[in-house]
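Visitor: Here you go, sequence then predicted model.
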Amino acid sequence: MVMTTIQGPTGSRAICLPPLALQAFFASLLLAILPQAAGASWLDNWEVRATPVPISQLAGLTYGKGIFVAVGSYYEDAPSYNWRPVVLSSPDGKSWTSREFPTNGATSVAYGNGVFVAVGGLAGPGNITTSSDGIAWTLRSAPESAAFLHSVSFLNGLFVAVGQNASVLTSTNGIDWFQRRSTRAEYLYGTAYGNGTFVTVGWAYADSPGARYRLSLTSHDGTNWDGATQELTPDTYNAVTFANGKFVAVGYGGITAISTDGTTWFNHGSGFSDALYAVTFNGDVFVAVGSGATILTSPDGVAWTKRASGSSSAITHFAVAPGNLNLVAVGNDIIQAVRRELTGRKTSGFEVTYISGDVGRPFHIEASTNLNTWIDLVAFPNSLGTNRFNDTGASALPRRFYRIRSQ
């Protein structure tokens, strides 16, 4: 192998090339050129998105069937002085459309088995609605004993909704629900699945007035749940996710913790004091959001880095979700992490798939046979974020290299 460098719009990148005798096999090699400063991260590039209606609080967010769906509520002053539902959908995290909703809001939403499920809100205990497309919503019946629901997730083929009074509901289709409950009076806020175990986190009252315990419940089948209280502390868990063989929980006071079984937790702390309300894994890093427009990322759930959110410090974000190479957070506003790099990968033959998370940012594909002289092959408006290109002219050449030039 030999080393060479490719000059990009803002610098050069070193790459390995095979001996010349083998370069003919790499005619469809794509070189990703990064038009941003060295060391910068696209997770520092957040932009506030406009909403079609006023929002007070978007509390839930999910991605499915090619769209983001956010749910929440808006407090309307005179003449109604009432809470109104806010349900928004977006194909790209940038442009949002308001949808009708049968209740006065929701606190969480999930997608699975071809169905969107929203729970919570102010309509009453056990409020559950479903949609097949994220646009038209239908109110469903919950078990009579269901308490107020805070969160819903789709985990291992099962919708799991949790809330007050240790309420745990499960469903395979979002329509028929079954009550599961632990023996304690807990407040449950987030769920995850991994290592063969369902986990939900929250807090439980202690014997002392106003005192709380951190809490986690686990189940191997989604039906029978066992509780494990952690230390007495005001900094309790609000959310949990699973990736890379571990559960990661976040909560008040910037608390973060990891566990492999959902029962024994190792509290590390994020190094920041703002309350954290949601956590997810975007395929590369864990991402947590919360009060003070806080956005934290971590490769392992232990060491956390604070990111610039683009929102004012008065903003709180209650949910975050990845989708279609995008990352979106919602709360008192909507923000989207904007990729400043264009990446690509080689596929079979001479067909190359180009992927950019910065939807709507045009780019050009350039080609070269010697890495010195480049020609402009095609321009893409990049309206969807994923573009497929087949260079039929490459088959007549012994080798060809590609790069992306952003506009």
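Guide: Yep, that arrived. Numbers count the residues shown, from 1 in each chain.

Visitor: In this protein, what residue spans correspond to helices?
Guide: Taking DSSP state H as the test, none of the chain falls into helices.

Visitor: what domains does the record give for it?
Guide: Split into domains by automatic domain parsing, the chain comes to 2-39+342-406, 42-337.

Visitor: if I pick the residue nearest the centre of the chain, what's in contact with it?
Guide: Centrality entry for the chain: nearest residue to the mean C-alpha point is residue 321, 1.7 Å, by Cα atoms, centre = their mean. For residue 321, the contacting residues are 61-63, 68, 280, 327-328, by Cβ atoms under 8 Å, 6 or more residues apart in numbering. Bear in mind the C-beta positions are built from the backbone N, C-alpha and C, glycine included.

Visitor: Using ChimeraX, make a named selection holding only the buried ones among these.
Guide: Buried residues among those (16 or more other Cβ atoms under 10 Å), as a ChimeraX selection:
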select :61,62,63,68,280,327,328
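
Visitor: returning to what we had before: let's have the domains of the chain in JSON lines, adding mean pLDDT.
Guide: Shown next, in JSON lines, are the domains of the chain (pLDDT from 0 to 100):
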{"stretch": "domain 2-39+342-406", "mean pLDDT": "54"}
{"stretch": "domain 42-337", "mean pLDDT": "89"}
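
Visitor: Of these, which stretch is the most buried?
Guide: Of all those, domain 42-337 has the most neighbours on average by mean count of other Cβ atoms under 10 Å, namely a mean of 20.

Visitor: Tell me the gap between that domain and the middle of its chain.
Guide: Its chain's average C-alpha position is 10 Å from that of domain 42-337, according to Cα atoms, centre = their mean, to the nearest Å.

Visitor: Walking through the stretch 51-200 of the chain, point out its strands one by one.
Guide: 57-64, 67-76, 82-90, 97-99, 108-112, 115-119, 128-131, 138-140, 149-155, 158-163, 167-171, 178-181, 186-194, 197-205 (DSSP state E, counting those that start in this stretch).

Visitor: Turn those strands into TSV, including distance to residue 288.
Guide: Below are the strands of the stretch 51-200 of the chain laid out as TSV (distance: least, Cβ to Cβ, whole Å):
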stretch	distance to residue 288
strand 57-64	14
strand 67-76	18
strand 82-90	22
strand 97-99	28
strand 108-112	17
strand 115-119	22
strand 128-131	27
strand 138-140	31
strand 149-155	15
strand 158-163	19
strand 167-171	24
strand 178-181	27
strand 186-194	11
strand 197-205	13
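
Visitor: Identify whichever of those lies nearest to residue 291.
Guide: Proximity to residue 291 (Cβ to Cβ) singles out strand 57-64 among these, at 12.2 Å.

Visitor: Residue 404 contacts residue 362, doesn't it?
Guide: No - using Cβ atoms under 8 Å, residue 404 makes no contact with residue 362, being 10.8 Å away.

Visitor: distance of the residue nearest to the centre of the chain from residue 336?
Guide: With distances taken as Cβ to Cβ, to the nearest Å, residue 321 is found 11 Å from residue 336.

Visitor: shared neighbours, those two?
Guide: By Cβ under 8 Å, 6+ apart, residue 321 and residue 336 have these common neighbours: 327-328.

Visitor: one step back: quick check: the closest residue to the residue nearest to the centre of the chain other than its chain neighbours vs residue 376, distance?
Guide: Nearest residue to residue 321, sequence neighbours excluded (Cβ to Cβ, 6 or more residues apart in numbering): residue 61, at 4.6 Å. With the distance defined as Cβ to Cβ, residue 61 ends up 39 Å from residue 376.

Visitor: One more: residue 398?
Guide: On the measure of Cβ to Cβ, residue 398 and residue 376 end up 21 Å apart.

Visitor: And for residue 134?
Guide: With distances taken as Cβ to Cβ, residue 134 is found 39 Å from residue 376.

Visitor: What lies in contact with stretch 127-139?
Guide: Residues outside stretch 127-139 that contact it (Cβ under 8 Å, 6+ apart) are 64-65, 67, 69, 87, 89, 99-103, 106, 114-121, 140-142, 148-149, 161, 169, 174-175, 177.

Visitor: pretty sure residue 226 contacts residue 219?
Guide: Yes - assessed by Cβ under 8 Å, residue 226 is found in contact with residue 219 at 7.2 Å.

Visitor: Could you pull out the strands in the stretch 301-407 of the chain for me?
Guide: Under DSSP E, counting those that start in this stretch, the stretch 301-407 of the chain gives strands at 305-307, 317-323, 326-331, 334-337, 342-346, 351-356, 363-368, 375-380, 386-390, 401-406.
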